[in-house]
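1. Structure, please.
(chains A, B, C and D)
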Protein chains: 2
Amino acid sequence: MTGSYREDMWWHGRLRCRGYRITAGRDAVLDVLTKSDAHLSAEDIYMRVHRIYPGIGLASVYRTLELLAQMGLVYKFDFGDGRARYELAEGSKKDQHHHHLVCNNCHKVIDYNDFIEEEVELLKKTEKGLSRKYDFQITSHLIQFYGICADCRKQE
Amino acid sequence: MTGSYREDMWWHGRLRCRGYRITAGRDAVLDVLTKSDAHLSAEDIYMRVHRIYPGIGLASVYRTLELLAQMGLVYKFDFGDGRARYELAEGSKKDQHHHHLVCNNCHKVIDYNDFIEEEVELLKKTEKGLSRKYDFQITSHLIQFYGICADCRKQE
DNA sequence: CATAAAATGATAATGATTATCAATAACTTG
DNA sequence: CAAGTTATTGATAATCATTATCATTTTATG
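-> As a prediction, the model looks like this:
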């Protein structure tokens, strides 16, 4: 009944309609991102993609991630360990909106979605106000908390 | 009447009590940070410090900034242009608490403090809740909005 | 299938940040 | 205040994530 609709192909239209082409490498990167739930670096992604599509080069992974981030399909984060981390934007998957708790010591990241409704509500309002006041077209936001995780506190 | 108290020496105690030494280089870096109101990169700071204290090396600027950030006297930001940006933590100066609006295109940064009271209030509450739930000692937070500034929108 | 344009892989280049290490300066103690 | 201990420094080499280059291969299209 569902015809030829493929759940894992939702991004094809998004790419196509902007003139980008569908390639095996891009498919593989998105596949890895869809199936992983955590904060992968470009190299993490490269290694995972390499297993299912050995032909891919690291540069293409970077290029794809850059493109997807530009399009808003992927979020790019800096958790302070010297390399960017990527995750699929929500809306595309089971994932719910969440923010991050980052350990300044071991750089571990905890996802949380407590208080998210209130946060998002306030952010929406703030966004609207800032947009008008500063004539700025806001497309996204970032909230993170920093500190020391339980494990790191024990060790000292 | 104010005796020998020097407004520009408030950080000496903070360093001393942790066993760090007061040096001309550190003084100069803090001086530059205190007098500047914008988002300087390490090299920006190096160049400005170099004018008043030519002996300093770039590595020392990096080391000092790292130290100050570690101590919480300085905030370190990533605005997406490939280099870290630093500003003096508030509390030390005229500066008021503010957050940032970052242009994804030209990487310009606008400071704002509209809605700050509400934001801070919510953050405080969230912080408390997260601390308990995840056994995480939170020391700071980050909020940024991203989008396209008015100038960049005109140009396209 | 032929064509034009986009995308790729391999790799060199870039550039911010860090590590190294001998020399120097800051604090401490007598 | 001199001597000693140790943190700090400057110069520079090393690191390493990310980008640029470019000849070659793929993709989409008619």
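
2. drop to CA atoms for contacts and neighbour counts, all remaining ones
-> OK.

3. Need the residues that contact stretch A:102-109.
-> Here stretch A:102-109 makes contact (C-alpha atoms under 8 Å, 6 or more residues apart in numbering or on different chains) with A:79-81, A:100-101, A:110, A:144-149, A:152.

4. Now for residue A:139, how many residues are close by?
-> Residue A:139 has 14 neighbours, counted by other C-alpha atoms under 10 Å in any protein chain shown.

5. and what of residue A:110?
-> 17.

6. Among the contacts of stretch A:102-109, name the ones in strands.
-> Applying DSSP state E to these, the entries found in strands are A:100, A:101, A:110, A:144, A:145, A:146, A:147, A:148.

7. which of those has the most neighbours?
-> Busiest of those [other C-alpha under 10 Å] is residue A:101, holding 26 neighbours.

8. can you tell me how far it sits from residue A:81?
-> Residue A:101 is 14 Å from residue A:81, where distance means C-alpha to C-alpha, to the nearest Å.

9. What is the nearest of the ones in strands among the contacts of stretch A:102-109 to residue A:35?
-> residue A:110 (18.3 Å; C-alpha to C-alpha).

10. so who does the closest one touch?
-> A:100, A:101, A:102.

11. Please, where are all the helices along chain A?
-> In chain A, helices defined by DSSP state H lie at A:10-16, A:24-35, A:42-52, A:58-71, A:116-134, A:150-155, listed in chain order.

12. I'd like these laid out as CSV, including distance to chain B.
-> Shown next, in CSV, are the helices of chain A (distance: least, C-alpha to the nearest C-alpha, whole Å):
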stretch, distance to chain B
helix A:10-16, 20
helix A:24-35, 22
helix A:42-52, 16
helix A:58-71, 9
helix A:116-134, 7
helix A:150-155, 6
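
13. Chain neighbours aside, what residue packs nearest to residue A:62?
-> Distance criterion C-alpha to C-alpha, 6 or more residues apart in numbering or on different chains; nearest residue to residue A:62, sequence neighbours excluded, is residue A:42 at 6.4 Å.

14. Could you verify my assumption that the one you found touches residue A:77?
-> No: in this structure, residue A:42 is not within contact of residue A:77 by C-alpha atoms under 8 Å, at 11.3 Å.

15. count of neighbours near residue A:117?
-> With other C-alpha under 10 Å as criterion, residue A:117 counts 12.

16. if I look at it, how far off is residue A:37?
-> Taking C-alpha to C-alpha, one finds residue A:117 at 21 Å from residue A:37.

17. Next: residue A:150.
-> 22 Å.

18. do the same with residue A:29
-> 14 Å.

19. Of these two, which one has the most company?
-> Comparing residue A:29 with residue A:37 by other C-alpha under 10 Å, the one with more neighbours is residue A:29, at 25 against 12.

20. Okay, domains of chain A per the record?
-> The domain map for chain A lists A:1-91, A:96-156, with the assignment taken from automatic domain parsing.

21. is residue A:75 in a bridge, and if so with what?
-> residue A:87 (DSSP bridges).

22. if I read this right, it contacts residue A:69, doesn't it?
-> Yes: look at residue A:75 against residue A:69 with C-alpha under 8 Å: they come within range, at 5.8 Å.

23. Quick check: phi and psi on residue A:114?
-> Residue A:114 adopts backbone torsions of phi -70, psi 150, taken as degrees, to the nearest 10.

24. what's near enough to touch it?
-> B:126, B:130.

25. quick one: pLDDT of it?
-> Note on residue A:114: pLDDT of 88.
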